[in-house]
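Undergrad: Turn this into a model:
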Amino acid sequence: MAHAVTIVDIRSLSYTGTTWINLLLGCHERGFALGPPDRVLRLLEDAGHRSAQAESACRVHAGACAFWPRFFADYDRAGNFFVQLAAVADKDFIVINNPEGAGPAARHLADPRLATRRLHVVRDGRAVCNSYRGYYPDKSFREVVEEWFHPSASVFPFTADDRETLNVRYEDVVADQRGFLAGAEKLLGVSYPENVTRFWEFDHHATAGNAGTIGILKHYLGQPFRKRDRAFQEERYEQLLADPERPVMDTRWEQALARDERMLFDQVCGAYNEAWGYARDRFEPAELAERSG
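TA: This is a model prediction of the structure:
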């Protein structure tokens with residue numbers, strides 16, 4: 001049976017730059033950057049409020065979106081979501097990330113007409129934990145590391161020489177977008193346009209994803225950044241416009257994490273982080289003895 005649609009299935013932990021990578025991969029005339037797929041499918045299943053749900057589906061254009069209301073109006077709930085999406089959008093591949101194991105997308109992804117290409121993304125766990133804490137300030141760093149990050153990191157599949165999956169580190173993508181895209185081109189059998197790194201200039205209709213990254217698309221369309229981190233986002237945006245080949249690397253964690261927090265992370269998750277290619281923090285014997293004591 002011939003495959004009708006290719007699904008680029010990105011798997012990652014939270015706060016790893018996945019939304020940006022999803023959008024980057026969708027910057028192709030034959031590609032569609034969807035983001036996490038389960039939200040829009042739940043909106044589609046709420047048939048009693050189809051019109052209102054259609055207007056809220058697009059995280060980029062919101063009520064001004066011209067694509068999703070049209071898709072909602074003709075959607076066949078008995079058919080395959082991804083096949084229909086590819087047909088309406090006139091695309092060959094759809095980029096998703098982190099579908100829920102038992103969510104509504106699972107049934108649609110099992111369709112034999114779909115060809116799946118896998119991409120795994122990791123980021124330095126210290127940066128990930130610091131980002132998470134920024135969203136959940138009531139959590140102690142110990143809770144973040146031991147109860148949130150460790151359970152996922154300990155089982156996350158990431159092998160650099162895996163031939164079936166494109167495994168990348170977020171930091172490497174930031175440092176060399178063209179190198180990453182060359183690997184994606186081999187994976188998908190496509191060639192990306194020269195302006196691909198200017199992802200905000202493409203017509204995206206993501207239905208879920210990181211609000212900060214999607215905020216760049218919205219800002220390009222004339223909307224202000226959210227108040228929470230406006231100064232950082234405005235600086236990031238200006239630097240992107242000036243040099244889209246060198247996006248801003250968020251290294252705020254390097255100053256934010258205290259010495260004892262780094263030590264805690266290393267004791268609990270340092271081995272996993274090192275296996276992903278990140279250098280571990282080093283501590284003097286006296287520091288370790290003081291903590292253990």
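Undergrad: buried stuff in stretch 118-125?
TA: Of all the residues in stretch 118-125, those buried under the rule 16 or more other CB atoms under 10 Å are 118-125. Bear in mind the C-beta positions are built from the backbone N, C-alpha and C, glycine included.
Undergrad: can you check stretch 189-206 too?
TA: By 16+ other CB under 10 Å, the buried positions in stretch 189-206 come out as 190, 192, 196-197, 199-200, 202, 204-206.
Undergrad: any idea how far it is from the chain center?
TA: Remark: stretch 189-206 is offset 15 Å from the chain centroid, using CA atoms, centre = their mean, to the nearest Å.
Undergrad: Got the confidence number for residue 1?
TA: At residue 1, the model reports a pLDDT of 41.
Undergrad: all strands of the stretch 51-200 of the chain, in order?
TA: 93-97, 114-122, 165-169 (DSSP state E, counting those that start in this stretch).
Undergrad: Could you point out which of the ones you listed sits nearest residue 61?
TA: Nearest to residue 61 among those is strand 93-97 (17.9 Å), distances taken as CB to CB.
Undergrad: burial measure for the residue nearest to residue 71 when sequence neighbours are not counted, as a count.
TA: The spatial neighbour of residue 71 that comes closest, neighbours along the chain excluded (CB to CB, 6 or more residues apart in numbering), is residue 88 at 5.2 Å. Per other CB atoms under 10 Å, the neighbour tally for residue 88 reads 15.
Undergrad: Settle this for me: residue 88 is touching residue 74, isn't it.
TA: Yes. In this structure residue 88 lies within contact range of residue 74 using CB atoms under 8 Å: 7.1 Å.
Undergrad: what pLDDT does the residue nearest to residue 71 get?
TA: The predicted local confidence for residue 88 is 96.
Undergrad: Check the offset of stretch 198-218 from the chain's centre.
TA: The answer for stretch 198-218 is 11 Å, by CA atoms, centre = their mean.
Undergrad: give me the low-pLDDT residue ranges for this structure?
TA: Applying pLDDT under 70 to the chain picks out residues 1-3, 47-50, 289-293.
Undergrad: Quick one: residues contacting the residue most central in space within it.
TA: Centroid check for the chain by CA atoms, centre = their mean gives residue 18 as the closest residue, at 1.8 Å. By CB atoms under 8 Å, 6 or more residues apart in numbering, residue 18 lies in contact with 10, 12, 97-98, 121, 209-210.
Undergrad: same thing but 10 Å
TA: By CB atoms under 10 Å, 6 or more residues apart in numbering, residue 18 lies in contact with 10-12, 35-36, 97-98, 119, 121, 123, 170, 209-210, 213.
Undergrad: same question, residue 21
TA: The contact partners of residue 21, taken as CB under 10 Å, 6+ apart, are 8, 10, 12, 33, 95, 97, 119, 121, 168, 170, 173-174, 177, 180, 184, 199, 213.
Undergrad: Check whether residue 5 really touches residue 88, as I assumed.
TA: No. Assessed by CB atoms under 10 Å, residue 5 is found out of contact with residue 88, at 11.8 Å.
Undergrad: for residue 9, helix, strand, or coil?
TA: strand (DSSP: H, G, I helix; E, B strand; the rest coil).
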